[in-house]
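A.B. asks: the sequence isn't on hand, but the structure is:
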């Protein structure tokens with residue numbers, strides 16, 4: 001394979017990773033809303049499904065994004081690392097990764113645990129509502145950062 005062939009292949013994988021990662025991420029709110037609307041055992045099922053999708057598809061796709069993005073820069077032009085849009089994108093990627101690991105994941109686990117207690121008949125509605133609101137805010141923050149990175153990648157602004 002020529003260098004140009006490798007660039008096309010890696011670019012395809014990079015775009016595929018973006019579609020998978022962002023697509024599934026955007027569906028999380030829908031899953032959780034449907035679980036909340038149905039209630040009972042559907043609530044923890046929806047939250048566990050989000051976790052399952054995240055571990056097996058979304059997170060690997062985000063890792064693929066980083067790997068293929070770095071390979072693309074190495075294959076095309078290492079000087080791109082000096083471009084502000086790429087530096088901002090990488091910085092935001094680190095920020096969203098830390099936010100997802102340190103804040104969102106624990107909030108989601110707490111929400112899931114409370115949903116399971118609710119499904120068992122415990123009276124933890126207020127706690128669940130507070131945990132759900134926190135997880136929702138953090139999830140929206142992570143998604144917003146992802147969309148900013150996407151915009152930087154597509155528009156490549158010169159700031």
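C.D. replies: Happy to help now that I have it. Source: prediction; values computed, not measured.
A.B. asks: and stretch 27-36, how far out from the chain's middle?
C.D. replies: Remark: stretch 27-36 is offset 15 Å from the chain centroid, using C-alpha atoms, centre = their mean, to the nearest Å.
A.B. asks: what is the rounded mean pLDDT of that stretch?
C.D. replies: Across stretch 27-36, pLDDT averages out at 97.
A.B. asks: equivalent analysis for stretch 107-120, please.
C.D. replies: For stretch 107-120, mean pLDDT rounds to 97.
A.B. asks: give the buried residues for that stretch.
C.D. replies: 107, 108, 110, 111, 112, 113, 114, 115, 116, 118 (16 or more other C-beta atoms under 10 Å). All C-beta spots, glycine's among them, are computed from the backbone N, C-alpha and C.
A.B. asks: show residues contacting it.
C.D. replies: 35, 39-41, 43-44, 47-48, 50-51, 124-125, 127-128, 131-132, 134-135, 138-139 (C-beta atoms under 8 Å, 6 or more residues apart in numbering).
A.B. asks: and if you look at stretch 128-135?
C.D. replies: 32, 36, 104, 107, 108, 110, 111, 114, 115, 117, 118.
A.B. asks: one step back: which one of the buried residues of stretch 107-120 sits closest to residue 26?
C.D. replies: Nearest to residue 26 among the buried residues of stretch 107-120: residue 108, at 15.6 Å, using C-beta to C-beta.
A.B. asks: coming back round to it: from the contacts of stretch 128-135, which land in helices?
C.D. replies: Among the contacts of stretch 128-135, the members falling in helices (DSSP state H) are 32, 36, 107, 108, 110, 111, 114, 115, 117, 118.
A.B. asks: a markdown table for these, including distance to residue 61?
C.D. replies: Shown next, in a markdown table, are these (distance: C-beta to C-beta, whole Å):
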| residue | distance to residue 61 |
| --- | --- |
| 32 | 20 |
| 36 | 26 |
| 107 | 21 |
| 108 | 18 |
| 110 | 25 |
| 111 | 23 |
| 114 | 28 |
| 115 | 25 |
| 117 | 31 |
| 118 | 31 |
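A.B. asks: cool, thanks, signing off.
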